[in-house]
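*Asks:* requesting a structural model of the entry that follows:
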Amino acid sequence: MKKKPFGLVWKCALAALPFMLFAGLFIVFPMHFYNQEYPVWFWQKSILYGEGEDADVVFLGDSIVKSGVMPTVWGEGSYNLALAGGTAIEMRYTLETYLAHHESPKLVIIGFGQNHYIDMDGYWTRDIYFHYLPLAEHLRVLSEAARLNDLPLFDEENESYTLTDALLETCTYTLYSPGKYLPAILNVLGDDGDRLKRNRQEQAYSEQMLGYYPIGKAESCGAVSGSVEYVYFDLSPMQDACMRDILTMCTDAGIRVVIERPPYNQASEDAIDATFAAQYAAYLESLAADFPGVIVNTQVDVYPDDCFGDECGHLNQNGAERYTKSLFERYAYLAEG
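*Replies:* Predicted coordinates for the structure are as follows:
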């Protein structure tokens, strides 16, 4: 006697139920389980999909922009949509999604540490872990990287990293594999029980500060920033392609664009290799040549140590206020009219 197909389906459903319930915890109650970085990404994604007012000025970049630009100092009509660990990959999706749900800003200011044109450090641990990029975007990114022979960008320790490797890794996050997400639950069990409260406070802070988030909080730091400790500017083909997509989007939408790198301290200025610095500047100049309307500033300002809050080169509040005022003085006119 043949077994009924329904019986097999029922058994499979029962077997999958624990995994579905596990995934449901993060889908339904993300603020209860993710760490304090998540509310920043959650707030930002809500802005991308239409919440909040349209902005005249949008700031894009990585953590040195996230912690270095204060829209509340710039003035009304601006958002800081940079992300810790962000690269042109995340910023392409960020701008593309923002433009699909908002009126175009008049000005986009872009800033990355030099390292984020070369490599990346947050794709798996933030982008896909927090489900900031949808699955379709992940597949787009990975297929482009494969076409550009740049898949090792996604695993710097494995030069033979393949598309299959990347897709399998993507599946573990997409399906909320316990191997990836169980530590978050265990951390909740071990904390003081105030995670939800703290995360809601972080979300409210992001909303209040329009995306600015302080990362370096020390009163002073004279350490060399790791973003400049390279010998050669080995540009990632994938990062370059996404950067050019961002500039194309802005050009097509009539958006003015400024590219520069937020300040670093004297120790970083002294440590940067001359060849590396020249290659970095030449790359930005090549973007300006290919996109004539883009303003490129290859001169990196040097701020005193009391403007920096950690050894990674993040500006503290004092430095962020100074840098934001500097940006306003130089570029606010581009957002007028």
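*Asks:* pLDDT below threshold where in the stretch 1-150 of the chain?
*Replies:* Applying pLDDT under 70 to the stretch 1-150 of the chain picks out residues 1-16.
*Asks:* try 50 this time
*Replies:* The stretch 1-150 of the chain contains residues with pLDDT under 50 at 1.
*Asks:* would you map the helices across it?
*Replies:* Ranges of helices in the stretch 1-150 of the chain, per DSSP state H, counting those that start in this stretch, are 5-28, 30-33, 38-48, 63-66, 71-74, 88-101, 135-147.
*Asks:* any chance of those helices in TSV, with mean neighbour count and distance to Y232 too?
*Replies:* Glycine gets a C-beta too; all of them are placed from N, C-alpha and C. TSV is the format used below for those (neighbours: other C-beta atoms under 10 Å; distance: least, C-beta to C-beta, whole Å):
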stretch	mean neighbour count	distance to Y232
helix 5-28	11	40
helix 30-33	16	40
helix 38-48	21	32
helix 63-66	28	21
helix 71-74	20	35
helix 88-101	21	19
helix 135-147	16	21
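*Asks:* continuing past the helix or strand containing S268, what's the next helix or strand?
*Replies:* Following DSSP states H and E, one finds S268 within helix 266-271. Using DSSP H and E, the helix or strand that follows helix 266-271 in sequence is helix 274-290.
*Asks:* counting contacts, what elements does the very next helix or strand once past that following helix pack onto?
*Replies:* Next along the chain after helix 274-290, taking DSSP H and E as the criterion, comes strand 295-296. The contact analysis (3 or more C-beta pairs under 8 Å, 6 or more residues apart in numbering; DSSP states H and E) places strand 295-296 against strand 256-259, helix 274-290.
*Asks:* next structured bit after strand 295-296?
*Replies:* Using DSSP H and E, the helix or strand that follows strand 295-296 in sequence is helix 317-331.
*Asks:* dump that following helix to PDB, keeping only the CA atoms.
*Replies:* Extracted C-alpha coordinates of helix 317-331, given in PDB (Å, rounded to 0.1, in the frame of the first residue of the first chain):
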ATOM      1  CA  GLN A 317      31.400  64.900  18.300                       C
ATOM      2  CA  ASN A 318      33.900  67.800  18.400                       C
ATOM      3  CA  GLY A 319      35.400  66.700  15.100                       C
ATOM      4  CA  ALA A 320      32.000  65.900  13.500                       C
ATOM      5  CA  GLU A 321      30.700  69.300  14.200                       C
ATOM      6  CA  ARG A 322      33.800  70.900  12.700                       C
ATOM      7  CA  TYR A 323      33.800  68.700   9.600                       C
ATOM      8  CA  THR A 324      30.100  69.200   9.000                       C
ATOM      9  CA  LYS A 325      30.500  73.000   9.200                       C
ATOM     10  CA  SER A 326      33.400  72.700   6.800                       C
ATOM     11  CA  LEU A 327      31.300  70.800   4.300                       C
ATOM     12  CA  PHE A 328      28.500  73.300   4.600                       C
ATOM     13  CA  GLU A 329      30.800  76.300   4.000                       C
ATOM     14  CA  ARG A 330      32.200  74.600   0.900                       C
ATOM     15  CA  TYR A 331      29.200  72.900  -0.700                       C
END
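*Asks:* pull out the buried residues from that helix.
*Replies:* Of the residues in helix 317-331, Q317, N318, G319, A320, E321, R322, Y323, T324, L327, F328, Y331 count as buried by neighbour count, 16 or more other C-beta atoms under 10 Å.
*Asks:* any chance you could list what contacts that helix?
*Replies:* 67-71, 73-75, 107, 109, 212, 214, 217, 258, 262-263, 295, 301, 303, 306-309, 315 (C-beta atoms under 8 Å, 6 or more residues apart in numbering).
*Asks:* pull out the buried members of those.
*Replies:* Buried members of the contacts of helix 317-331, counted by 16+ other C-beta under 10 Å: 67-71, 73-74, 107, 109, 212, 214, 258, 262-263, 295, 303, 307-309, 315.
*Asks:* coming back round to it: out of the helices and strands packed on strand 295-296, deepest packed?
*Replies:* When the helices and strands packed on strand 295-296 are scored by mean count of other C-beta atoms under 10 Å, the highest mean neighbour count falls to strand 256-259 (a mean of 21).
*Asks:* what sits against I27?
*Replies:* Here I27 is in contact with Y176 (criterion: C-beta under 8 Å, 6+ apart).
*Asks:* distance of it relative to C307?
*Replies:* To C307, I27 is 41 Å away according to C-beta to C-beta, to the nearest Å.
*Asks:* now E51
*Replies:* Computed with C-beta to C-beta, the distance linking E51 and C307 is 32 Å.
*Asks:* now T162
*Replies:* 43 Å.
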